[in-house]
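> Pasting a predicted model and its sequence here:
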Amino acid sequence: MKENLELLVLIVSIVTPIIGGVWFIWKKRQSAILENYKTLAQVWTNEGDISSKETKYITLKLTLENGELYGSLESPRLERNYEAHVYPGWFSSKLEISELLGRNLISKATIKIKITGNRNRLKWNAQKLKDVDVLPQNTILWPWNR
């Protein structure tokens, strides 16, 4: 009986800090993702960057509403705006860009975006790109205040 009690105490003393650590990391992750939501919900652009050789200018307008982060992507090379949906993560986020044609949603790109700098830059790295003539492969976006 005493051996079983000692074993139980040992298991509890090992498992309790592990559960506490996992709980702490989980809450920290949730908090960081919420901050990313708030940071991403604004207008971003790469227009006017004199240090870049990028010629495919875009403006990404994102809105946070009811826990969803979505918006539109504009470019002088587009006839009409593309739709944008963001799925925020802890270190980077996934940006899905699509075009609505009739009732069909056609995927145009999957972009990995990462908040960098002093949380005032957005690193754009295309993972799957179908509109190579319109959208940049790699660029840096920054907040744009009209």
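On my side now, so go ahead.
> dump the residue contacts of the residue positioned nearest the centre of the chain.
Closest to where the C-alpha atoms of the chain average out (CA atoms, centre = their mean) is S93, at 2.3 Å. By CB atoms under 8 Å, 6 or more residues apart in numbering, S93 lies in contact with 36, 40, 86-87, 112-114. To be clear about C-beta, it is placed using only N, CA and C from the backbone, and glycine gets the same treatment.
> Including pLDDT and neighbour count, could those go into CSV?
Listed next are the contacts of S93 as CSV, based on pLDDT from 0 to 100; neighbours: other CB atoms under 10 Å:
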residue, pLDDT, neighbour count
N36, 85, 22
L40, 94, 22
V86, 96, 22
Y87, 93, 10
K112, 97, 14
I113, 96, 22
K114, 96, 14
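> Now intersect those residues with the strands, please.
Judged by DSSP state E, strands contain the following of these: 86-87, 112-114.
> Tell me the first helix or strand C-terminal of the helix or strand of the chain with the lowest mean pLDDT.
Lowest on mean pLDDT, DSSP states H and E among the helices and strands of the chain sits helix 2-40, with a mean of 84. Sequence order places strand 43-45 as the next helix or strand after helix 2-40, per DSSP states H and E.
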